[in-house]
Every structure is written in C-alpha cells, then in structure tokens.
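Engineer: structure for the following, please:
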Amino acid sequence: MSNLNKFEFVALEVSGRNYLKWTQDVKLHLTANKMRSTINADNIAHKDMKARAMIFIRKHMEEALKVEYLAEEDPRSLWVALEERFNHQRTIYLPEARHDWQNIRFQDFKTVNKYNSEICRIQSLLKFCGEELTEADLLTFSTFPPSCKVLQQQYRERNFARFSELVTVLLLAEKNNDLLLRNDQARPTGTRAVPLPEANASAHRENNRARRNRGHGRGRKPERPRHGRRNGPRNGPYNRDHQDNRPRGRGGRGPWKPKCPGPTSSK
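Structural biologist: Numbering: from 1, shown residues only. Next up is the predicted model:
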C-alpha cells in the first residue's frame, strides 16, 4: 500500500472488503485497454495480451493475495478463483441495503445533500446486488417530518417525474430558508433599522482632518517673544541703546540718539 500513488485504483485487500468496487475498477480499466476478453469465459486472447492483463490484475492485489495465488498464470483462472472466494458479499450486502432503505428518514439528515447522498448509495448497492429502485420508489414523501405536512402535500400535487427534480426543489427551499435565517439574525424583527455606514466614511473623515491640519500652516505669522525684542535676550530688560535696536527696513541710520535743542535766536 506504500505505492498507492502508482496504482490506478485501490488494491484488493486480503479480507475482500473492497472486492465489489475492485471488480468494477478492473473491468473498466481492462475494457479501456482492450483486454476485457482475457477474463471472459471464451478466453481466446493472445498470450501477450493475457500476460499484460495478468500483470495488471496482480499489480492491484495486496502482497498476501499475490502469494496465495502465485500458481495462477491465466487471468481468467485468477478471476474465477477470486470470484469464488469473495463474491458471496453480494448476498451479505443485500440484507443490509434493504434494511437501510426501509429505515431511511428525511428528518434524520441535517441537509438535503446528505439525504441525497445516502439515497444514491443505497440505490447503487441494491442495483449491484440485483435489485433496482424505481423513480416511484424514490419519490416517497412518507419520511418527511410531521412539521412538513403542508409542504409534503404541495410536493405531491406537483407530480414530479424524477427524484432529481424533487432534490432540486428541496435544495432551493433549503437555500431560501438559510437566507431568511441569516437576515433575521443580522437584523432581528422589531429592532429599529439603523442605516449602515458608508464604505468610505472613515477615509473621508481622515481626508478632512488632514486638510484642516495643512490649512493651519499657511500665512501664519511667527510668534513674537513675550519679553524684549525678538533679537535680544528672551527674558532680559529692554535696552534702547543696544546696537541691534536700530530701525529695520529701508532708510535705517544706525543707533537711535536723543535730539539736542538748537541755538536760540536773540532778541
């Protein structure tokens, strides 16, 4: 089983538990490779074709089975020997499949897909064992729960011709019910409707805040010192004779000096 990735399908187990599925896989692959005649009763295939078929069948058997049937060299003989050993499982699976079909209930499954999958499994197993379910057998509404009496009657009146049509309607009803429950949980009945925020509301607020912050820096005058002139000591006294305390701008004449009175005219 370590080389399972090299197999076309799962090898036949010693217990024969997967014999029914294994036989179907072998038949399909032999037919695809034009070697199906090697396991038929009228085995008239060439020796090279028999050898290829033998290699293919033994490849998909567990090692213990290969040792048990080591003496078999013809694919038809090997096929008959395996059939005599494991084919009794048809009679074993038939009562089990009948029991599952008689006791299946739609209300025992949580989803329609699980119910449909179980129906298909039972149908395939019964068909393999020689019994086949008709569309009338599959279109049964007696397994619906008592809470679906009205729904059951509505489905009966629609006169479905195939089981697949009923499954499609059930899947659609299940999806609609799921959407109703999700909407009710998102906004329960009786609660006040609150408008949903816009998708770009937060981004819009961030843009406005950034625009206001940029506007504060345009045309703003520099802050003047609280004490003294700007070029002097921040907390020192005001000195009118300081050399830097001259008028600024055009036409400056140096430091400020007090004016002396001019000469007086004699009378």
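Engineer: give me the pLDDT value at residue 31.
Structural biologist: Note on residue 31: pLDDT of 92.
Engineer: what mean pLDDT does stretch 60-78 get?
Structural biologist: 92.
Engineer: what comes up buried for that stretch?
Structural biologist: 60-61, 65, 69, 72, 74-76, 78 (16 or more other C-beta atoms under 10 Å). C-beta coordinates here come from the backbone N, C-alpha and C atoms, glycine included.
Engineer: again, but for stretch 159-178
Structural biologist: 160, 163, 166-167, 170.
Engineer: any chance of a markdown table for those residues, columns secondary structure?
Structural biologist: Putting the buried residues of stretch 159-178 into a markdown table (DSSP: H, G, I helix; E, B strand; the rest coil) gives the following:
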| residue | secondary structure |
| --- | --- |
| 160 | coil |
| 163 | helix |
| 166 | helix |
| 167 | helix |
| 170 | helix |
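Engineer: just the closest of these to residue 21, please.
Structural biologist: residue 163 (23.5 Å; C-beta to C-beta).
Engineer: residues contacting that closest one?
Structural biologist: 119, 135, 138-139 (C-beta atoms under 8 Å, 6 or more residues apart in numbering).
Engineer: one more time with 7 Å, if that's ok
Structural biologist: 135, 138-139 (C-beta atoms under 7 Å, 6 or more residues apart in numbering).
Engineer: closest one of the buried residues of stretch 159-178 to residue 110?
Structural biologist: Relative to residue 110, the closest of those is residue 170; by C-beta to C-beta it sits at 12.9 Å.
Engineer: what's the nearest residue to residue 173 if we skip its chain neighbours?
Structural biologist: Leaving aside its chain neighbours, residue 173 sits nearest to residue 151 (7.8 Å; criterion: C-beta to C-beta, 6 or more residues apart in numbering).
Engineer: could you count how many residues lie near that neighbour?
Structural biologist: 15 (other C-beta atoms under 10 Å).
Engineer: give me the element it is part of.
Structural biologist: helix 149-157 (DSSP states H and E).
Engineer: next, the buried residues of that helix.
Structural biologist: Here helix 149-157 shows 152, 155 as buried, counting by 16+ other C-beta under 10 Å.
Engineer: mind exporting that helix as CSV, just the C-alpha atoms?
Structural biologist: Coordinates of each C-alpha in helix 149-157 appear next as CSV, following Å, rounded to 0.1, in the frame of the first residue of the first chain:
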residue,chain,number,x,y,z
LYS,A,149,-47.4,18.2,6.3
VAL,A,150,-48.3,21.2,4.2
LEU,A,151,-45.0,21.1,2.3
GLN,A,152,-45.4,17.4,1.7
GLN,A,153,-48.9,17.9,0.2
GLN,A,154,-47.6,20.6,-2.1
TYR,A,155,-44.9,18.4,-3.4
ARG,A,156,-47.3,15.6,-4.0
GLU,A,157,-49.5,17.8,-6.1
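Engineer: I appreciate the help and will end here.
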